[in-house]
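1. Give the three-dimensional model of this entry:
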Amino acid sequence: MSISVGMAFPLSALARRETPAGAWRFGSLLAVLAAFFLRVDELIPALNGMQIYLGVIIPAFILNRHQLIDALRPATLRRRPLCLMVLIFWAVGLISYRIAGPLDEDFMATQTAITAAGSPEQFTKVMLLFFLVVAVVNTPWRLRITLMWIGGLVAIMCILPIMDQLRWIDHPAFSSLTDRTLDPNTGQLVKFTRLRGIGSFNDPNDMCQIAAVAAIFALYGLQQTKQWLYRGLWLGAGAILLYAMVLTQSRGGFLSLVAGLGVLGLTRYGWKKTLMASVVAVPAALLVFGGRQTDISADSGTGQSRIQLWADAFACVRAHPILGVGPDHLFTYIGMVAHNSYLHAFAETGLLGGAMFLALPLLGMLELHRRRRLANPDPMLAQARPYLLAGLGAYAMGMFSLTRCYELPTYLLLGLTQAMLLMTPGQTLNRFDKVLVKRVAMGALGFLFLMYWLIRLTVRWS
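-> Below you'll find the predicted structure:
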């Protein structure tokens, strides 16, 4: 199949592939994603305070209002279990937040780690964007373009922070994070800088996680084009993303990339070829990333401190099992977020909310894996499936050490997963029934059991 110029630059292909109304609806979603990732109003002083993201997301909701209303109908939700689970998680979070009450504004002003992402206003916008993605990305071509669009946008997003860290520019919106690590040779604390972005990616770990996902989507873009010019662009995007990951010095982001590439290899090439490739890939990754990013230990440093946070969060689950402590409120109990999205969801929204959140990426990955057996699949979907599965796997791995329960990228990937499942109907996960409820409950109990023993065996308080 020939690949047009529009495959590398999606906007130029809208007029050829879509009706005028369809082009406006899909284009509005692409504009929302561009505004979210690029944050132009935060980069250009003249645009400060304009809230461009809100300015594009509201028209997107209006243009796609009929599709959104249909996606939220009870009959539709029963046939879309991931959608229903997102809605349940949102509703439980809303109730829990109302019971816990809003955080004190003076307290929030002194705590930069609290983003209020779980507040009803913020999380409702994220939840609606999830349904917008499911409603709009309803053809294989739109899915293909969206995956490449995300890969390209994140690569562009990384360019200015990289230039700022290399001191090629000096922009007030960017400031590297100064961290400290123990030098094993001298025993002295050594300072080092870590790359971070703006907005939702102001933390180096969060930036590295989305860069890992985007790198996988850049590989997808590379695979989709036969023209050397566009191959060069995708290779350049991949190089930018990998370099950004190195500069973040994030262990969790590195593990995300390893997990995503592992899933991609197993899904696309099988375990034998993946195993042979890993003989070369693993030493190369250790050479490129090296140092702090590959020094992963649970006995000391940030690894042990996060396990201690898991222990504190688990104690909150035991003390507040019904509705949790309320979204954004865990910080007031343990002095930090849980640094584990799944455990954080259990602590803040209780057993029901935590079970729903845990099931979302796990069921999504399982069903994408099962779709490999479909007879006569659409060629575009067959090509996209391994990369979406790998991207979701990378992100899910990252959430094991990061707190991203209420963030837009989480629901963007989940929305794309649900969209693809709707385009590749199978024999499973087509209804929210008793069997699914039982599996979700058993999965939640199994996760809590494993976390209990993991914490008990690895935590060191002295």
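2. and the gap between residue 452 and residue 313?
-> Look at residue 452 and residue 313: by C-beta to C-beta, to the nearest Å, they are 12 Å apart. Just so you know, the C-beta spots here come from the backbone N, C-alpha and C atoms, and that holds for glycine as well.
3. so where's the stretch 51-200 of the chain shaky on pLDDT?
-> For the stretch 51-200 of the chain, the stretches with pLDDT under 70 are 104-116, 118, 180-188.
4. Where do the helices of the stretch 201-350 of the chain begin and end?
-> 204-224, 228-248, 251-289, 301-319, 330-334, 341-370 (DSSP state H, counting those that start in this stretch).
5. Buried deepest among the ones you listed, which one?
-> helix 204-224 (a mean of 27; mean count of other C-beta atoms under 10 Å).
6. From the contact counts, what lies against it?
-> Here helix 204-224 touches helix 140-165, helix 228-248, helix 251-289, helix 379-398, helix 408-423, going by 3 or more C-beta pairs under 8 Å, 6 or more residues apart in numbering; DSSP states H and E.
7. Ok, which of the ones you listed comes nearest residue 446?
-> helix 379-398 (15.8 Å; C-beta to C-beta).
8. And the closest one, what does it pack against?
-> For helix 379-398, the packing partners by 3+ C-beta pairs under 8 Å, 6+ apart are helix 140-165, helix 204-224, helix 251-289, helix 341-370, helix 408-423.
9. Can you lay out the ones you listed as a markdown table showing distance to residue 73?
-> Output for the helices and strands packed on helix 379-398, formatted as a markdown table (distance: least, C-beta to C-beta, whole Å):
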| stretch | distance to residue 73 |
| --- | --- |
| helix 140-165 | 22 |
| helix 204-224 | 31 |
| helix 251-289 | 33 |
| helix 341-370 | 20 |
| helix 408-423 | 14 |
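10. comparing those, which gets the lowest mean pLDDT score?
-> Note on the helices and strands packed on helix 379-398: lowest mean pLDDT is at helix 251-289, with a mean of 82.
11. doesn't residue 179 fall inside a helix?
-> No - counting by DSSP: H, G, I helix; E, B strand; the rest coil, residue 179 is located in no helix; its state is strand.
12. so how far is residue 302 from the spatially closest residue to it that is not a sequence neighbour?
-> With C-beta to C-beta, 6 or more residues apart in numbering as the criterion, residue 179 has its nearest non-adjacent residue at 5.5 Å, and that residue is residue 194. Separation of residue 194 from residue 302 (C-beta to C-beta) stands at 12 Å.
13. Likewise for residue 266?
-> 29 Å.
14. What of residue 284?
-> Residue 284 is 25 Å from residue 302, by C-beta to C-beta.
15. Next: residue 258.
-> In terms of C-beta to C-beta, residue 258 sits 18 Å off from residue 302.
16. Check residue 164 too.
-> Distance from residue 164 to residue 302, by C-beta to C-beta: 24 Å.
17. okay, now residue 419: neighbour count?
-> Burial measure for residue 419: 23 neighbouring residues, criterion other C-beta atoms under 10 Å.
18. residues touching it, list them.
-> By C-beta atoms under 8 Å, 6 or more residues apart in numbering, the contact set of residue 419 is 133, 134, 137, 138, 143.
19. so who does the last one touch?
-> Counting by C-beta under 8 Å, 6+ apart, residue 143 makes contact with 137, 380, 381, 384, 388, 416, 419, 420, 423.
20. excluding its backbone neighbours, what's nearest residue 103?
-> Nearest to residue 103 is residue 328, by C-beta to C-beta, 6+ apart, at 6.0 Å.
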